[in-house]
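Novice: Next come a sequence and a model predicted from it.
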Amino acid sequence: MKDTPKTAWNPRRLDMRAFAQAAASLQAEEPLSAFPRVQAETALDDGASPAPVRWLAQGEMRPAASGGSPDVWLHLQADAQVPLTCQRCLAPVETPVSVDRWFRFVADEATAEAQDDDCEEDLLALEPRPDLHDVLEDELLMELPLVPMHETCPVPVSMRSDDPEEAAAEVAPRKNPFAELAKLKK
């Protein structure tokens, strides 16, 4: 992990105000296993080692919109190749995931909740000190596709069921439910 000279920043308990005042940055390349909730969504073979997650966090102070003291901001960027299961052919598919988000920090959770409906940016609380890995993992999870699929599957995809009951149901003619109602009407 690289950090701003003269200061070691702890991404697990980051003092965001000091980080932003120093206009500091952190960047790292970490294994996907460092993000267990994302890894739980993957289609990893035993012993497979996916590409690392590359991320960058930059702090910044910006003038407040209301004219008060400057606001604390965090710019978070990340890139990863996450192996997911193709929902069409059920084979692994390398899915690019990219995060590029800005967060404005406010004093506490109550303030964040009060201001959340009235602002466009994402709000986080300064206290308790945020865990940058948890924030990054949340963002990576939100960027995962709901239905991962290959553009073109590497194997032919069968569009039929091998279930004999289901196959028999497809062959049998369907009854018209309105025909039964017509009989009752007579």
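Specialist: On my side now, so go ahead.

Novice: Okay, now the unreliable bits of the protein?
Specialist: 1-7, 45-48, 159-172 (pLDDT under 70).

Novice: count of residues packed around the closest residue to Ser49 other than its chain neighbours?
Specialist: Closest residue in space to Ser49, ignoring its immediate chain neighbours: Pro31 at 7.5 Å, by C-beta to C-beta, 6 or more residues apart in numbering. Bear in mind the C-beta positions are built from the backbone N, C-alpha and C, glycine included. Using other C-beta atoms under 10 Å, Pro31 is surrounded by 12 other residues.

Novice: so who does Pro31 touch?
Specialist: Going by C-beta atoms under 8 Å, 6 or more residues apart in numbering, Pro31 touches 49-50, 52-53.

Novice: The residues you listed: which two are farthest apart?
Specialist: Ser49 and Val53 (12.5 Å; C-beta to C-beta).

Novice: out of those two, which sits in the more crowded spot?
Specialist: When Ser49 and Val53 are compared on other C-beta under 10 Å, the one with more neighbours turns out to be Val53, at 24 against 10.

Novice: Hmm, that one is touching Ser33, no?
Specialist: No: using C-beta atoms under 8 Å, Val53 makes no contact with Ser33, being 9.8 Å away.

Novice: And the helices in this structure?
Specialist: 16-21, 36-39, 109-116, 132-143, 164-171, 177-185 (DSSP state H).

Novice: Out of those helices, which gets nearest to Arg62?
Specialist: Taking C-beta to C-beta, helix 16-21 is the member of those nearest to Arg62, at 8.8 Å.

Novice: All good on my end, thank you.
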